[in-house]
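J.: Okay, here's the prediction I keep looking at, along with the sequence it came from:
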Amino acid sequence: MTEAPVPILMYHSVTTAPNDATRGLSVTPESFAEQMSLIDDLGLTPIDTGDLAAAWRSGRPLPPRPVLVTFDDGYEGVHRHALPVLAKHGFAATLFVSTGWIRGAYDTGGALDTMLDWDQVRELAAADVEIGGHSHTHPQLDQLDDERLRHELAHCRDIVTDELGTAPVSFAYPYGYSSRRVREAVRETGYAQALAVGNALARRRQGPYALRRVTVRRSTGIEEFERLVEGRSIARNFARDRALTKGYAMVRRARQVRRKAIRSRV
């Protein structure tokens, strides 16, 4: 049974012209192509989220030097720009869709940029891209009451199942936020594993519902990218992110306490 850590890369938009809302977490098509070529050159083996979690759950061996390529939200550039590169290298990947952002019958109008439509999602699924859930409207799940939380998770799962004919087995938390209550709800909804962020390597001991990822963004140069996929200097690369995350976590906990106090008085 392997205990070696695995880099899980978190992408969002792949585009030449991102808008202000998505710019920081976007990558150019040229950068994405260069990054995938490096993965190939280094002899890494991309697998999808379901395969990683199933191997760690069962004790089956993983392929040599595994890595995961994941995309959040469902931006159109994943089909236009990323899919041809993935196909060229024969790489597996995972796309986590916010079903209320995908263009079509369930679109809530809240998307940040141009999104995939369901025909494109189906084409991705047919091309060895695992389709996972990412909630319906992309809220901070740990801030929702139980009823809204269950709806976000189940509605997403039901829509993906209806559109693709297969229920999603993997989930990614919007913004990376979860809690014990959220993780339990994800499990009860039928997802077999879920990804957070954390900007650290994924390890089996994290458990199937709290696997960590590292963020790839527009400012990630090829040398930094190589360090990420080789698991080097990750803590130093994301030191500022961790400080900001801890600060914001305190703010969010204070808000939760206030909301609970207000509900208890009603």
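T.: Perfect, I can see it now. Computed from a predicted model, the values in this text were never measured in an experiment.
J.: how about the strands in the stretch 101-250 of the chain?
T.: According to DSSP state E, counting those that start in this stretch, the stretch 101-250 of the chain carries its strands in the segments 129-133, 170-172, 193-198, 211-215.
J.: Show residues contacting stretch 117-127.
T.: Here stretch 117-127 makes contact (C-beta atoms under 8 Å, 6 or more residues apart in numbering) with 74, 76, 78-79, 83, 86-87, 95, 97, 102-104, 116, 131, 163-164, 166. (Glycine included, C-beta is placed from N, CA and C.)
J.: Buried subset of those residues as a ChimeraX selection?
T.: Only the buried entries of those go into this ChimeraX selection, using 16 or more other C-beta atoms under 10 Å:
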select :74,76,78,79,83,86,95,97,102,103,116,131,163,164
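J.: mind listing which of the contacts of stretch 117-127 are in helices?
T.: 83, 86-87, 163-164 (DSSP state H).
J.: farthest pair in the residues you listed?
T.: 87 and 163 (21.5 Å; C-beta to C-beta).
J.: looking at the strands of the stretch 101-250 of the chain, which is closest to residue 91?
T.: Ranking those by their distance to residue 91 (criterion: C-beta to C-beta) puts strand 129-133 first, at 9.3 Å.
J.: Direction-wise, compare that closest one with strand 193-198 and give the angle.
T.: 80 degrees (axes from the mean of the first three to the mean of the last three C-alpha atoms, to 10 degrees).
J.: Which positions in strand 129-133 come out as buried?
T.: For strand 129-133, a neighbour-count test (16+ other C-beta under 10 Å) marks 129-133 as buried.
J.: And those residues, which is closest to residue 207?
T.: residue 132 (17.0 Å).
J.: follow-up on the earlier one: Serialize the ones in helices among the contacts of stretch 117-127 to CSV and add fields for pLDDT.
T.: Listed next are the ones in helices among the contacts of stretch 117-127 as CSV, based on pLDDT from 0 to 100:
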residue, pLDDT
83, 98
86, 98
87, 98
163, 98
164, 98
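J.: what residues does stretch 146-155 touch?
T.: 99, 133, 135-137, 139, 141, 144, 171, 181-182, 185-186, 189, 191.
J.: Compare the residues you listed and tell me which is most surrounded.
T.: residue 133 (30 neighbours; other C-beta atoms under 10 Å).
J.: who touches that residue in this structure?
T.: 96-97, 99, 153, 156-157, 160, 168, 170-172, 191.
J.: cool, residue 87 as well?
T.: With C-beta under 8 Å, 6+ apart, residue 87 has these contacts: residue 127.
J.: Distance of it relative to residue 46?
T.: Per C-beta to C-beta, to the nearest Å, residue 87 is found 12 Å from residue 46.
J.: How about residue 157?
T.: Computed with C-beta to C-beta, the distance linking residue 157 and residue 46 is 25 Å.
J.: Let me have the strands of the stretch 101-250 of the chain in JSON lines, extended by distance to residue 221 and mean pLDDT.
T.: Formatted as JSON lines, these follow (distance: least, C-beta to C-beta, whole Å; pLDDT from 0 to 100):
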{"stretch": "strand 129-133", "distance to residue 221": "26", "mean pLDDT": "98"}
{"stretch": "strand 170-172", "distance to residue 221": "25", "mean pLDDT": "98"}
{"stretch": "strand 193-198", "distance to residue 221": "20", "mean pLDDT": "96"}
{"stretch": "strand 211-215", "distance to residue 221": "14", "mean pLDDT": "97"}
